[in-house]
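Engineer: Return a 3D structure for these sequence lines:
(one chain, ligands or ions: 2)
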Amino acid sequence: MKVLLLDKNHPLITKQLLDRNFILEEDFTSSYDEVCDKIGNYEGVIIRSRIPLDRSFLEKATHLKFIARVGAGMENIDVEVAKKLGIQLINSPEGNRDSVAEHVVGMLLILMNRLFIASQEVKQGIWKREENRGDELLGKTVGLIGYGNMGKATAKRLSGFGCRVIFYDILPNLSDEYGMQVSVEELKRTADILSLHIPLTSETHYLIDDQFFKDMKNGIYFINTARGKNVKTKDLVIALKSGKIKGAGLDVLEYEKSSFENIETENEDLKYLLTSEKVIVTPHIAGWTIQSKEKLAQIIVDKIVALYC
Ligand SMILES: NC(=O)C1=CN([C@@H]2O[C@H](COP(=O)(O)OP(=O)(O)OC[C@H]3O[C@@H](n4cnc5c(N)ncnc54)[C@H](OP(=O)(O)O)[C@@H]3O)[C@@H](O)[C@H]2O)C=CC1
Ligand SMILES: O=C(O)C(=O)CO
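Structural biologist: Ligands and ions are numbered 1, 2, ... in the order given. Now for the predicted structure:
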């Protein structure tokens, strides 16, 4: 099979697929238009997120049998069109669920124990103890939205900290030893911590808005490792300013990558998130550990090999 690799990944992908007699071409620089011009020559494409595989792209991919996304999120692919065209969709969320879950726990520990602020203060010669009194995870009710790979892995860790984990998911009957499925109303009413683990789709775009936060308790902690567009940034800022949210950990933002530098100076809401003491922000690295890089790659190879060798 002739396969095009559009993003840099762990080298084991190339090595193991060449060993299996796949014909590979790596192209990490061509533009969307340039890739569209040649995609008709390939039976497989391996991507992260550099090029959007939209309707127009997929209609030119006349010989494409599979799209392999090294990672979890598929929002960069027109999934409906791909399915209609009979293209097999493969991803590898099992490879970064542990890293996302650890990132969520890390963000909560940092926020709730004021580790980042207190450390900065001490380094500046400021010794404040009462103002930096921590808040324990033990006994907190954590509300997860989405209970797939990422949600379950997070529930497993947080239940180990003595949290009561509840979750809302559109699929029924998902309760297990780590988390209990509830209605979204119950989650909003009872959770002390809200963490998002849903995909970005037209239904989940801006799922979390002003009303969602208003329905929750005062002084919640909010973590987003899903996608920036799952949350209305403007409403998140309102909830932070009003004290509805006590602290937020954001691995994803509505504006990322190339747009980031310009937006930073222009967008007041983003400026607030980047300067507020109540917010910690990371550059979309929750699923991006040394170990996940290798696991994501190995899992994608194993799935391709299982289907086509
Ligand atoms: N920051 C990072 O580095 C990373 C971020 N992610 C993000 O996490 C997301 C989740 O990944 P993963 O756990 O593997 O996804 P899964 O598909 O395994 O789980 C998501 C769950 O949410 C459900 N769901 C969909 N829409 C809604 C809704 N409106 N309300 C409630 N539940 C809903 C899904 O149901 P159904 O199956 O029916 O759609 C599914 O059960 C990814 O799509 C990606 O955006 C993932 C990895 C790394
Ligand atoms: O796997 C995903 O969806 C990610 O966001 C990884 O960066």
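
Engineer: So what would you say the end-to-end distance of stretch 118-128 is?
Structural biologist: Stretch 118-128 has an end-to-end distance of 8 Å (C-alpha to C-alpha, to the nearest Å).

Engineer: Work out the gap between that stretch and the centre of the chain.
Structural biologist: Relative to its parent chain, stretch 118-128 has a centroid offset of 32 Å by C-alpha atoms, centre = their mean, to the nearest Å.

Engineer: Stretch 152-167 now?
Structural biologist: What separates the centre of stretch 152-167 from the centre of its chain is 18 Å, taken as C-alpha atoms, centre = their mean.

Engineer: in stretch 125-140, what's buried?
Structural biologist: Neighbour-count burial for stretch 125-140 flags 132, 137, 140 (criterion: 16 or more other C-beta atoms under 10 Å). For the C-beta atoms, the positions are set from N, CA and C on the backbone; glycine is no exception.

Engineer: Quick check: residues of the chain near ligand 2?
Structural biologist: Residues of the chain lying near ligand 2 by C-beta under 6 Å from any ligand atom: 71, 72, 73, 96, 284, 287, 288.

Engineer: Just the buried residues from those residues, in PyMOL please.
Structural biologist: Burial among those is assessed by 16+ other C-beta under 10 Å; the matching PyMOL selection reads:
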select buried, resi 71+72+73+96+284+287+288
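
Engineer: Nearest to ligand 2, out of the buried residues of stretch 125-140: which one, please.
Structural biologist: Using C-beta to the nearest ligand atom, residue 137 comes nearest to ligand 2 of the buried residues of stretch 125-140, at 24.6 Å.

Engineer: which residues touch the closest residue to the closest one other than its chain neighbours?
Structural biologist: Nearest non-adjacent residue to residue 137, counting by C-beta to C-beta, 6 or more residues apart in numbering: residue 161, 4.3 Å away. Neighbouring residues of residue 161 by C-beta atoms under 8 Å, 6 or more residues apart in numbering: 105, 137, 138.

Engineer: Secondary structure and pLDDT added to these, as CSV?
Structural biologist: Listed next are the contacts of residue 161 as CSV, based on DSSP: H, G, I helix; E, B strand; the rest coil; pLDDT from 0 to 100:
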residue, secondary structure, pLDDT
105, helix, 98
137, coil, 98
138, coil, 98
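
Engineer: Poorly predicted segments of the stretch 201-309 of the chain, please.
Structural biologist: Within the stretch 201-309 of the chain, the stretches with pLDDT under 70 are 257-266.

Engineer: can you pull out the helices in it?
Structural biologist: Assigned by DSSP state H, counting those that start in this stretch, the helices in the stretch 201-309 of the chain fall at 210-214, 233-242, 260-266, 268-275, 290-308.

Engineer: can you put those in TSV and add mean neighbour count?
Structural biologist: Output for those, formatted as TSV (neighbours: other C-beta atoms under 10 Å):
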stretch	mean neighbour count
helix 210-214	15
helix 233-242	19
helix 260-266	11
helix 268-275	15
helix 290-308	18
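
Engineer: quick one: which of the ones you listed is nearest ligand 1?
Structural biologist: helix 290-308 (8.3 Å).

Engineer: That closest one near ligand 1 anywhere?
Structural biologist: No - using C-beta under 6 Å from any ligand atom, helix 290-308 stays clear of ligand 1, coming no nearer than 8.3 Å.

Engineer: quick revisit: what subset of the residues of the chain next to ligand 2 is also close to ligand 1?
Structural biologist: When C-beta under 6 Å from any ligand atom is applied, the members of the residues of the chain next to ligand 2 adjacent to ligand 1 are 72, 73, 96, 284, 287, 288.

Engineer: Closest to residue 244 out of the contacts of residue 161?
Structural biologist: Nearest to residue 244 among those: residue 137, at 20.0 Å, using C-beta to C-beta.

Engineer: Go ahead and confirm that closest one touches residue 107.
Structural biologist: No - using C-beta atoms under 8 Å, residue 137 is not in contact with residue 107, being 11.6 Å away.

Engineer: Quick check: the nearest residue to residue 218 once chain neighbours are set aside vs ligand 2, distance?
Structural biologist: Closest residue to residue 218 apart from its sequence neighbours, by C-beta to C-beta, 6+ apart: residue 244 at 5.9 Å. Residue 244 is 27 Å from ligand 2, where distance means C-beta to the nearest ligand atom, to the nearest Å.

Engineer: I'd assumed residue 215 was in contact with residue 244.
Structural biologist: No - Residue 244 lies out of contact with residue 215 (C-beta under 8 Å); the separation is 10.0 Å.
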